[in-house]
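Undergrad: sequence isn't available, so here's the structure alone:
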């Protein structure tokens with residue numbers, strides 16, 4: 001599967017990984033959807049599928065070059081280098097923008113998802129009864145997930161490992177937001193905010209020769225949590241990719257129809273006009289062990305069209321749709337250039 005890529009291809013693949021990593025961290029936005037729209041979803045799935053018994057046999061026999069190309073490692077390294085880099089760069093900027101301009105950020109994502117539905121469905125012409133039912137089933141699951149209530153935080157390592165398996169689903173299933181699933185499981189802040197921040201702080205200290213963190217039980221616990229979550233994510237990526245690779249090969253049209261429906265159903269998750277509802281006990285907002293407010297649900301409402309904010313948000317919805325259309329045009333032109 002591995003093939004020689006030009007420097008431009010490698011650079012754009014790194015940027016695509018950067019985009020996917022940033023999307024994975026935003027609740028309601030699916031990294032898998034980004035990979036689908038940017039045109040490297042199926043290669044990613046089939047590359048993970050190559051991490052199998054034969055690959056480990058090549059590795060243990062010392063045939064490192066064969067292992068490298070058999071697993072399409074050049075592709076995976078570029079994508080996941082971009083994805084990991086985004087966690088300490090683009091995603092931090094996104095965190096700031098969501099805190100500062102929440103309505104406009106969600107409006108942009110809402111527009112991007114609408115554009116993605118158009119992008120995926122425009123070349124899908126096989127709308128028979130079976131595929132329509134599959135699309136409606138995908139939409140129903142997406143809507144159901146968007147109305148679930150979050151659970152409490154749980155730092156048990158077995159549960160954290162399970163969170164890794166489930167949370168990484170956003171990379172392999174377009175439309176399913178791994179970050180939003182982690183919110184529902186109660187561990188979004190623990191795994192994608194606190195633990196990542198602690199890991200970044202620890203790596204910074206290590207590079208400066210400071211190993212004082214080894215004496216901190218709290219820091220060691222966070223490192224155990226992020227390590228366990230990473231192992232769960234790796235396990236989930238490989239196993240779900242094998243399943244999806246098998247399913248895509250046999251029922252490609254049905255899977256595409258389900259994805260279209262699922263992405264449409266997930267629009268409720270990124271609906272811009274919503275507010276967080278916190279758990280209240282004895283007329284006081286309930287806090288977790290770290291002093292953070294515990295989200296109970298999200299209350300969605302219709303926008304006030306007499307407000308200038310609403311119209312600015314609608315402009316950002318259009319901008320989000322435009323971003324996908326530009327990407328579509330760019331990828332089409334690039335494909336024509338390569339084919340020509």
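TA: Arrived safely, thanks for sending. The model shown is predicted, which means the values in this text are computed figures rather than measured ones. Residues are numbered from 1 along each chain as shown.

Undergrad: heading C-terminal from the helix or strand hosting residue 239, find the next helix or strand.
TA: Of the helices and strands defined by DSSP states H and E, residue 239 is found in helix 217-250. On the C-terminal side of helix 217-250, the closest following helix or strand by DSSP H and E is helix 252-265.

Undergrad: that next one: which residues count as buried?
TA: Within helix 252-265, the residues that qualify as buried by neighbour count (16 or more other CB atoms under 10 Å) are 254, 255, 256, 257, 258, 259, 260, 261, 262, 263, 264, 265. Every residue, glycine included, has its C-beta placed from N, CA and C.

Undergrad: what is it packed up against?
TA: helix 102-121, helix 129-146, helix 217-250 (3 or more CB pairs under 8 Å, 6 or more residues apart in numbering; DSSP states H and E).

Undergrad: deepest-packed of these, please.
TA: Highest mean neighbour count among the helices and strands packed on helix 252-265 (mean count of other CB atoms under 10 Å): helix 102-121, with a mean of 22.

Undergrad: tell me what that one is packed against?
TA: Counting by 3+ CB pairs under 8 Å, 6+ apart, helix 102-121 packs on helix 31-37, helix 90-100, helix 252-265, helix 308-339.

Undergrad: for residue 11, see how far away residue 240 is.
TA: Residue 240 sits at a distance of 28 Å from residue 11 (criterion: CB to CB, to the nearest Å).

Undergrad: correction: residue 55
TA: Per CB to CB, residue 55 is found 27 Å from residue 11.

Undergrad: between these two, who's got more neighbours?
TA: Remark: of residue 55 and residue 11, residue 55 carries more neighbours, 18 against 13, as counted by other CB atoms under 10 Å.

Undergrad: what sits against the more buried one?
TA: 67, 70, 71 (CB atoms under 8 Å, 6 or more residues apart in numbering).

Undergrad: okay, now the closest residue to it other than its chain neighbours: neighbour count?
TA: The shortest distance from residue 55 to any non-neighbouring residue, by CB to CB, 6 or more residues apart in numbering, is to residue 71 (5.2 Å). Residues lying near residue 71 (other CB under 10 Å) number 23.

Undergrad: how about the one 3 residues further on?
TA: Other residues lying near residue 74 total 18 when counted by other CB under 10 Å.

Undergrad: so for residue 80, which of the helices and strands packed on helix 252-265 sits nearest?
TA: Nearest to residue 80, of all those, is helix 217-250, at 9.7 Å by CB to CB.

Undergrad: that closest one versus helix 252-265: what angle between them?
TA: Orientation of helix 217-250 against helix 252-265 (axes from the mean of the first three to the mean of the last three CA atoms, to 10 degrees) gives an angle of 130 degrees.

Undergrad: what sits against residue 316?
TA: If you count contacts by CB under 8 Å, 6+ apart, then residue 316 has 104, 105, 107, 108, 111 around it.

Undergrad: just to revisit the earlier point, can I get the helices and strands packed on helix 102-121 in CSV with mean pLDDT and distance to residue 132?
TA: As requested, the helices and strands packed on helix 102-121 are exported to CSV (pLDDT from 0 to 100; distance: least, CB to CB, whole Å):
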stretch, mean pLDDT, distance to residue 132
helix 31-37, 76, 20
helix 90-100, 73, 35
helix 252-265, 81, 7
helix 308-339, 75, 24
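
Undergrad: quick one, which of those is packed in tightest?
TA: Stretch with highest mean neighbour count among these: helix 31-37 (a mean of 27; mean count of other CB under 10 Å).

Undergrad: next structured bit after that one?
TA: helix 41-49.

Undergrad: mind listing what's buried in that following helix?
TA: 41, 43, 44, 45, 46, 47, 48, 49.

Undergrad: nearest residue to the first one in space, please, no chain neighbours.
TA: For residue 41, ignoring the flanking residues on the chain, the nearest one in space by CB to CB, 6+ apart is residue 35 at 4.3 Å.

Undergrad: isn't the one you found right next to residue 116, touching?
TA: No. Using CB atoms under 8 Å, residue 35 is not in contact with residue 116, being 11.1 Å away.

Undergrad: how close does residue 235 sit to residue 156?
TA: Distance of residue 235 to residue 156, computed by CB to CB: 17 Å.

Undergrad: typed the wrong thing, it's residue 230
TA: Separation of residue 230 from residue 156 (CB to CB) stands at 16 Å.

Undergrad: who's in contact with the residue nearest to residue 18 when sequence neighbours are not counted?
TA: Excluding the flanking residues, the one nearest residue 18 by CB to CB, 6+ apart is residue 82, at 3.9 Å. Counting by CB under 8 Å, 6+ apart, residue 82 makes contact with 13, 14, 15, 16, 17, 18, 19, 20, 21.

Undergrad: what pLDDT does the fourth one get?
TA: In this prediction, residue 16 carries a pLDDT score of 85.

Undergrad: what's the answer for the last one, then?
TA: Predicted confidence (pLDDT) for residue 21: 80.

Undergrad: how many other residues sit next to the closest residue to residue 80 other than its chain neighbours?
TA: Nearest residue to residue 80, sequence neighbours excluded (CB to CB, 6+ apart): residue 17, at 6.1 Å. Per other CB under 10 Å, the neighbour tally for residue 17 reads 28.

Undergrad: hmm, residue 17 is touching residue 75, no?
TA: No. Residue 17 is beyond contact range of residue 75, at 9.7 Å (criterion: CB under 8 Å).
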